[in-house]
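[1] I'll drop the sequence and a predicted model, then ask my questions.
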Amino acid sequence: MTLTQSVLIADDEPLARERLQRLVAELPGYQVCGEAADGDAVLKEVARLQPDIVLLDIRMPGLDGLAAAAQLTRLNNPPAVIFCTAYDRYAINAFEVQAVAYLLKPVRREALADALARAGRINRVQLQALQQRESEEGGQLAVRTHRGTELIDLHRIHYCEADQKCVTLHHEQGETVTDYTLKELEQAWPQYLLRIHRHTLVGTRFLQGMIRDRDGQQFATLRDNLGKLPVSRRHASQLKSWLSEHRPDAG
């Protein structure tokens, strides 16, 4: 049985998106799952829809296609990127961000079919690798920052810390401030983030154990020498329960 590949179309021109949608519809094995008109929308839709392939314009308002593709390459399981552009001068830059193909507008049906086939082969390899990882590794969080939209792999978040009205995500690439609340993060992604304090969620992938200091304060210890985080009395039993289920030898 042939798997249908999902395709996200990103172009700031509605007519260009319509043309690509018609071309994809004519090719068996592919289905358009969504559209985006700028780079920020691309990152949000990738996080929301998890497409297999992105047909990506380069010259778009705000975050351009090259910058969006560079963000996608940092993901654990990025979609395959096919650039569709009217400009030939960006080809070298396109392959620096691991594009599968670089198609010039007007995109020909045969060229698109060939590029999609190559993208599909790459994605099957990625899928096999992904299936060997833990099921918790997969989702992305689209965060609006002063630099634009950033995509962060949820399984790479060490912990989330609330300070007044902001929440800071501490992750493998550094720190990102978001307007998500801890409650929103906790409710939307409980498989990735566990509440240990009124001000703190911890990334479950990095939880190692729990210790108590001489004053009776309890701390969650993190893997990879990431230190420890205070645990409130209210959430200590929840953390103990999680550790007993997922880390029987912890503590």
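    Arrived safely, thanks for sending.

[2] right, and the helix or strand after the helix or strand of the chain with the lowest mean pLDDT?
    Ranked by mean pLDDT, DSSP states H and E, the helix or strand of the chain with the weakest confidence is helix 109-131, at a mean of 72. Using DSSP states H and E, the helix or strand that follows helix 109-131 in sequence is strand 140-145.

[3] Who are the packing partners of that following strand?
    Packing partners of strand 140-145 (3 or more CB pairs under 8 Å, 6 or more residues apart in numbering; DSSP states H and E): helix 39-49, strand 148-153, strand 174-178. Any C-beta I mention is one placed from the backbone N, CA and C, and that applies to glycine too.

[4] Toward the C-terminus, what is the element adjacent to the longest one?
    Meaning helix 39-49. strand 53-56.

[5] could you say what helices and strands the helix or strand following that next one packs with?
    The helix or strand immediately downstream of strand 53-56 is helix 65-72, counting by DSSP H and E. Secondary-structure packing of helix 65-72 (3+ CB pairs under 8 Å, 6+ apart): helix 39-49, strand 53-56, strand 80-85, helix 91-96, strand 148-153.

[6] now with 6 Å?
    helix 39-49 (3 or more CB pairs under 6 Å, 6 or more residues apart in numbering; DSSP states H and E).

[7] Near Ala111, how many other residues are there?
    By other CB atoms under 10 Å, the residues close to Ala111 number 15.

[8] For stretch 209-226, give the mean pLDDT please.
    In this model, stretch 209-226 has a mean pLDDT of 93.

[9] Name the nearest residue to the residue nearest the centre of the chain, sequence neighbours excluded.
    In the chain, the C-alpha nearest the mean C-alpha coordinate belongs to Gln140, at 2.9 Å (CA atoms, centre = their mean). Using CB to CB, 6 or more residues apart in numbering and skipping the chain neighbours, the partner closest in space to Gln140 is Ala47 (4.2 Å).

[10] about what we covered before: could you dump the helices and strands packed on strand 140-145 into a markdown table and include mean pLDDT, distance to Glu18 and mean neighbour count?
    Below are the helices and strands packed on strand 140-145 laid out as a markdown table (pLDDT from 0 to 100; distance: least, CB to CB, whole Å; neighbours: other CB atoms under 10 Å):
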| stretch | mean pLDDT | distance to Glu18 | mean neighbour count |
| --- | --- | --- | --- |
| helix 39-49 | 94 | 17 | 22 |
| strand 148-153 | 80 | 24 | 20 |
| strand 174-178 | 90 | 34 | 14 |
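
[11] Of all the ones you listed, which one is nearest Ala111?
    Ala111 sits nearest to helix 39-49 of all the helices and strands packed on strand 140-145, at 21.5 Å, using CB to CB.

[12] for that closest one, packing partners?
    Counting by 3+ CB pairs under 6 Å, 6+ apart, helix 39-49 packs on strand 30-36, helix 65-72, strand 140-145, strand 148-153.

[13] What residues of stretch 89-103 count as buried?
    90, 93-94, 97, 99-103 (16 or more other CB atoms under 10 Å).

[14] related to what we said a few turns ago, which residues touch the residue nearest to Gln140?
    Listed by CB atoms under 6 Å, 6 or more residues apart in numbering, the contact set of Ala47 reads 140, 142, 151.
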